[in-house]
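**Q** let's see this in three dimensions:
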Amino acid sequence: MADQRTRLHPDGPELSRIVWGAWQVLMQPELGTPAGLAEMIVACLDHGITSFDHADVYGSFTVEARFGEALKLWGGARHSIEIISKCGNATLSPQRPETRVKHYNTSAAHIAASVDRSLANFGTDYLDLLLIHRPDPFMDADDTAAGLEAVVRAGKVRAVGVSNFTPQQVSLLQSRLSMPLVTNQIQFSLLHLAPLDDGTLDQAQERRMAPMLWSPLAKGRLFREDSPVANRVREALGPMAARYGVEQGALALAWLMAHPARPVPVIGTSSVARIASLAKAEGLHLDRQDCFTLLEAARGAPAP
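**A** Numbering: from 1, shown residues only. Prediction:
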C-alpha cells in the first residue's frame with residue numbers, strides 16, 4: 001500500500017506520490033455513474049492515492065460535476081484529499097454555446113469565472129491546486145498573474161501552476177507573480193522523452209518545482225503499440241520488472257519517478273487491480289544502470 005507523499009514546491013501543496021486523473025472518465029463504463037466514481041475514490045485512497053487531477057474542459061465540461069456527485073456519495077473529509085483542476089481551454093461544447101472557435105483564455109476574468117464554476121461543480125470551497133491548462137499565445141502575463149493571485153487571496157485556490165508550458169513561458173508568468181508556480185504538468189514517458197532535452201526538467205530542478213506528468217504510460221501505447229521504440233522498451237522492461245517483482249507499468253512509472261526533478265505521475269486507469277499494481281511504483285528504487293538501460297531502449301542508442 002502506497003503511503004509516501006511529496007511536496008510539489010517548498011511553498012506548495014503536498015500530494016500523494018501518484019495522482020489519479022479524470023481525463024478519460026467518460027470513456028470508461030465503470031466510471032459512468034457517481035457510484036462508480038465513488039468506488040474509484042475509495043480504491044485510490046486504499047492505495048495511498050489522495051490527489052485527483054481534473055480540468056474544467058474534461059468530458060466537454062461535465063466531469064467535474066460528476067466527480068462532485070461522487071464526492072457526496074463518498075462522504076469523506078475534504079481535507080483528506082487534494083483536488084486539482086485546470087482552466088483556460090475554451091473548446092467547442094454544447095455546455096459553452098458562446099464559444100465560436102476553440103481558443104485559450106487566460107484572462108483574470110476567465111480565471112475567476114472558471115474557479116467559481118469548478119468550486120460549484122465539486123461542491124467544495126477551495127481547490128488545492130489550479131493550473132493554467134495550456135499556453136495561450138495571447139496571454140497577458142500581468143492580467144493572468146493578477147487573476148491567479150486574486151483567487152488565492154480569496155481563499156478559493158491554495159496554490160497555482162501551469163500545464164504544457166515551455167521553460168520560457170514558465171519564466172514569463174513567474175516574473176509577474178509574487179507567489180511561486182508550484183508545478184508544470186507535462187507529457188513525459190518512455191515514449192516521449194522531450195522534457196529530458198528541452199530544458200523542462202532542468203528548470204523544474206532549478207526552481208524546485210516538481211512536475212506532474214500526464215500520459216506517463218503513453219496512453220497505454222507503451223504496452224500495445226507495435227513500433228521499434230515500444231518493442232525495444234518492452235523487451236527491456238520485461239526481465240527488469242521480473243527482477244523487481246512488479247508489472248511493467250509500475251516499473252515504467254518508477255523510472256519516471258527516479259528523475260531528480262521528483263516527477264508526479266498522473267494515472268487514469270479505471271481498474272482497481274491496476275491501481276494496486278501501479279501504486280507499487282513508489283516503493284521501487286531503480287539503480288542508475290537500470291535507469292540508463294531503459295533510457296537506451298527508449299532512445300535506441302547508448303548514452304553518447
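**Q** now Q174: closest residue in space that isn't a chain neighbour?
**A** L181 (5.3 Å; C-beta to C-beta, 6 or more residues apart in numbering). Backbone N, C-alpha and C define where each C-beta goes, glycine included.
**Q** my read is that the one you found contacts P167, right?
**A** No - at 11.5 Å, L181 does not count as touching P167 under the criterion of C-beta atoms under 8 Å.
**Q** which one's more surrounded, the two?
**A** For L181 versus P167, the count of surrounding residues by other C-beta atoms under 10 Å is larger for L181: 24 against 18.
**Q** can you give me phi and psi for the more buried one?
**A** Note on L181: its backbone torsions stand at phi -80, psi 120 [degrees, to the nearest 10].
**Q** C87 too?
**A** For C87, the backbone dihedrals are phi -150, psi 170 (criterion: degrees, to the nearest 10).
**Q** now I275
**A** phi -60, psi -50.
**Q** neighbours of it, just the number please.
**A** Using other C-beta under 10 Å: I275 sits among 21 other residues.
**Q** kindly report the same for the one 5 residues further on.
**A** Neighbourhood size, K280 [other C-beta under 10 Å]: 21.
**Q** so it makes contact with V246?
**A** Yes - the criterion here is C-beta under 8 Å, and K280 meets it with V246 at 5.0 Å.
**Q** mind listing the shared neighbours of these two?
**A** Common neighbours of K280 and V246 are not found (criterion: C-beta atoms under 8 Å, 6 or more residues apart in numbering).
**Q** hang on, V162 in a strand?
**A** Yes - counting by DSSP: H, G, I helix; E, B strand; the rest coil, V162 is part of a strand.
**Q** mind listing what it touches?
**A** L131, I132, Q169, V170, L173, L181, T183, N184, Q185 are the contacts of V162 under C-beta under 8 Å, 6+ apart.
**Q** excluding its backbone neighbours, what's nearest it?
**A** I132 (4.8 Å).
**Q** and the gap between the residue nearest to Q174 and M257?
**A** 21 Å (C-beta to C-beta, to the nearest Å).
**Q** now swap in A297 and tell me
**A** A297 is 18 Å from M257, by C-beta to C-beta.
**Q** check A194 too.
**A** With C-beta to C-beta as the criterion, A194 and M257 are 18 Å apart.
**Q** comparing the two, which residue is more hemmed in?
**A** Counting neighbours by other C-beta under 10 Å for A194 and for M257 shows that M257 has the greater number, 23 against 12.
**Q** is it correct that the more buried one is in contact with A281?
**A** Yes - the criterion here is C-beta under 8 Å, and M257 meets it with A281 at 6.3 Å.
**Q** what touches both of those two?
**A** P265.
**Q** can you give me the strands for the stretch 51-200 of the chain?
**A** 51-53, 82-87, 89-90, 103-104, 129-132, 160-163, 181-187 (DSSP state E, counting those that start in this stretch).
**Q** then the last one to PDB, C-alphas only?
**A** Meaning strand 181-187. The C-alpha trace of strand 181-187 is given here as PDB (Å, rounded to 0.1, in the frame of the first residue of the first chain):
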ATOM      1  CA  LEU A 181       4.200  28.400  -9.700                       C
ATOM      2  CA  VAL A 182       4.400  25.100  -7.900                       C
ATOM      3  CA  THR A 183       4.300  22.700 -10.900                       C
ATOM      4  CA  ASN A 184       4.300  22.400 -14.600                       C
ATOM      5  CA  GLN A 185       2.100  19.400 -15.700                       C
ATOM      6  CA  ILE A 186       3.800  18.000 -18.800                       C
ATOM      7  CA  GLN A 187       3.800  15.000 -21.100                       C
END
